[in-house]
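Just the structure for this:
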Amino acid sequence: MIEFENLTYSYRSGEYKALDHISLSIRQGEWVSIIGHNGSGKSTLVKILMGILEDYEGTIRVNGTALDEDNRAELRKRFAIVFQNPDNQFVGATVEDDVAFGLENKGVPRTEMVRRTEAALKAVNMYPYKDHEPSRLSGGQKQRVAIASALAMAPDVLILDEATSMIDPEGRREVLEILQKIHHEGKTTLIYITHDLAEIEQSDHAVIMHEGRIISEGTIDEIYQDTDALIASRLVLPFHMELSKRLLDGEYMSYKTLVERL
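You can find the predicted model right below:
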């Protein structure tokens, strides 16, 4: 569905390459996690895809069509993004108003707007809070509302850029459970940006970025077994990975594989 071909982007007049000839393919309905430290290039990749950054080199294709000045605005309507801080995304006085805001701006008929707002809030288990003020919600609840606002736009691609980094462990669990539910429905392609290896377990495909380059990609187990890439990326290893290495053959494993082997 999405193809990046030799994508290159430089900050500060070419002195620093935030992206260095990135090539990556993402299939329809796939959950792709892009992992890396701050400065690895993962958020730059998303900002280019969303049109926040321009003047890149290389090609981006959506369903086989290369993005250009004539079509990029129309093609990007298929994408929705949830950012790091949910407080920065709220504009409505109530949860329901906030989710409906984007639909109203698009001129969606009221009957359809009400239906899609209700469906989106139910999808993230926030419908009982529809009349609440967003500011009074917990961090996890706020991020679920932000996801509902994105889902109401019926995107083909939902992008989450460090969407759990500012919420507590319980809120993080809530958000990941919602994403699993969306993924199992198979209609929406998920691009999940994170620096936390523990959050990628449900992904179909994972990519490790470091200093603007892709240094490893594959299934979760393939990523976990690429010891050189894990060391080079300087990512913090989850407890279950350290445990698997100590207990079973010196290998890093996903949580699911570790349980099966035990």
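
Going by C-alpha atoms from here, please, whenever you check contacts or count neighbours.
OK.

neighbours of the residue nearest to residue 39 when sequence neighbours are not counted, just the number please.
Among residues not flanking residue 39 along the chain, residue 211 sits closest, at 6.6 Å (CA to CA, 6 or more residues apart in numbering). Residue 211: 19 surrounding residues under other CA atoms under 10 Å.

And residue 211, what's its pLDDT?
pLDDT for residue 211: 92.

In this protein, which residue is most central in space?
The centre of the chain sits closest to residue 192, judged by CA atoms, centre = their mean, with a distance of 2.3 Å.

check which helix or strand covers that residue.
strand 189-194 (DSSP states H and E).

quick check, distance from the helix or strand following that strand to the centre of its chain.
Note on strand 189-194: by DSSP H and E, the next helix or strand toward the C-terminus is strand 205-210. Offset of strand 205-210 from its chain centre (CA atoms, centre = their mean, to the nearest Å): 12 Å.

quick one: strand 205-210 to strand 189-194, angle?
40 degrees (axes from the mean of the first three to the mean of the last three CA atoms, to 10 degrees).

ok, strand 205-210: who's next to it in the sheet?
Sheet pairing of strand 205-210 (DSSP bridges) gives strand 31-35 (parallel), strand 213-218 (antiparallel).

As JSON lines, those with distance to residue 136 would be great.
Formatted as JSON lines, these follow (distance: least, CA to CA, whole Å):
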{"stretch": "strand 31-35", "distance to residue 136": "30"}
{"stretch": "strand 213-218", "distance to residue 136": "40"}
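
Minimum distance to residue 130: which of the ones you listed has it?
strand 31-35 (28.2 Å; CA to CA).

Show me what the closest one is in contact with.
26, 42, 183, 189-197, 200, 202-209 (CA atoms under 8 Å, 6 or more residues apart in numbering).

what about it, distance to the chain center?
With CA atoms, centre = their mean, you get 7 Å for strand 31-35.

Repeat that for stretch 60-71.
The answer for stretch 60-71 is 21 Å, by CA atoms, centre = their mean.

Would you indicate which residues of that stretch are buried?
Using 16 or more other CA atoms under 10 Å as the test for burial, stretch 60-71 gives 60-62, 67.

quick one: residue 65 from residue 3, how far?
10 Å (CA to CA, to the nearest Å).

what about residue 261, how many residues close to it?
9.

let me fix that: residue 38
With other CA under 10 Å as criterion, residue 38 counts 12.

A helix includes it, no?
No. Applying DSSP: H, G, I helix; E, B strand; the rest coil, one finds residue 38 to be coil, outside a helix.

Once you drop chain neighbours, what's closest to it?
The nearest residue in space to residue 38 (CA to CA, 6+ apart) is residue 195, at 7.7 Å.

thought the one you found was touching residue 235?
Yes. Contact criterion CA atoms under 8 Å: residue 195 and residue 235 qualify, at 7.1 Å.

Alright, calling it a day.
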